[in-house]
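In: Quick check, what structure comes out for this input:
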Amino acid sequence: MTVSTAIATITVNPAFLQEIKDSNPDLWKTLEEVHDCFHSVEPRATVAARLVRLLDDLRDHLALQFALEEAYGYIEVPAGVAMPEAENARRQHCSLYLEISELSERAEELQYRGLAAEQLALLVDEARLFDARLDAHERLERRLIERANDGR
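Out: Numbers count the residues shown, from 1 in each chain. As a prediction, the model looks like this:
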């Protein structure tokens, strides 16, 4: 008896992945507003309250974004056609989502305890770290889209 198995790997569907990115202006607007909080000169309590809300919104926008990207922006292909970095990029969705969820929950807890303004510098630092990881992920996906469009 012979059993053959097909090994499938992941690549991007560049047109759909780009369309998904272009079709979520709320995500990109929320990210811009988070960035604005990093440099705001408003009272700490005001900035903290806004940042807590924005982190919650960002979590929700990323949940939708990542679900759509995984459903339509990544496809299984035979092993010889794959893009080695595509599986890594897709896997990053889970870790990024867990990270923004934890950050959002910590921010909400600080706000609930009345400590968000006092801990604003910490919240901003953690949000900046998350933003840097998300930015690296977005750059990776842009490179994958470009490679797929170039036929490489």
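
In: Pass me the low-pLDDT residue ranges in this protein, would you?
Out: 1-8, 80-82, 152 (pLDDT under 70).

In: now do 90
Out: Within the chain, the ranges that satisfy pLDDT under 90 run 1-11, 76-84, 148, 150-152.

In: where do the strands sit along it?
Out: Along the chain, counting by DSSP state E, strands occupy 8-12, 74-78.

In: In TSV: those strands, plus mean neighbour count and distance to residue 58.
Out: Every residue, glycine included, has its C-beta placed from N, CA and C. As requested, the strands of the chain are exported to TSV (neighbours: other C-beta atoms under 10 Å; distance: least, C-beta to C-beta, whole Å):
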stretch	mean neighbour count	distance to residue 58
strand 8-12	19	23
strand 74-78	15	22
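
In: Quick one: those strands as CSV, columns for distance to residue 98 too.
Out: Formatted as CSV, the strands of the chain follow (distance: least, C-beta to C-beta, whole Å):
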stretch, distance to residue 98
strand 8-12, 20
strand 74-78, 19
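
In: Could you point out which of the ones you listed sits nearest residue 52?
Out: Ranking the strands of the chain by proximity to residue 52 (C-beta to C-beta) places strand 74-78 first, at 31.9 Å.

In: any idea how far that closest one is from the chain center?
Out: Distance, stretch centre to chain centre, for strand 74-78: 21 Å (C-alpha atoms, centre = their mean, to the nearest Å).

In: cool, stretch 73-82 as well?
Out: 22 Å.

In: do stretch 93-104 as well
Out: On C-alpha atoms, centre = their mean, the centre of stretch 93-104 falls 8 Å from the chain's centre.
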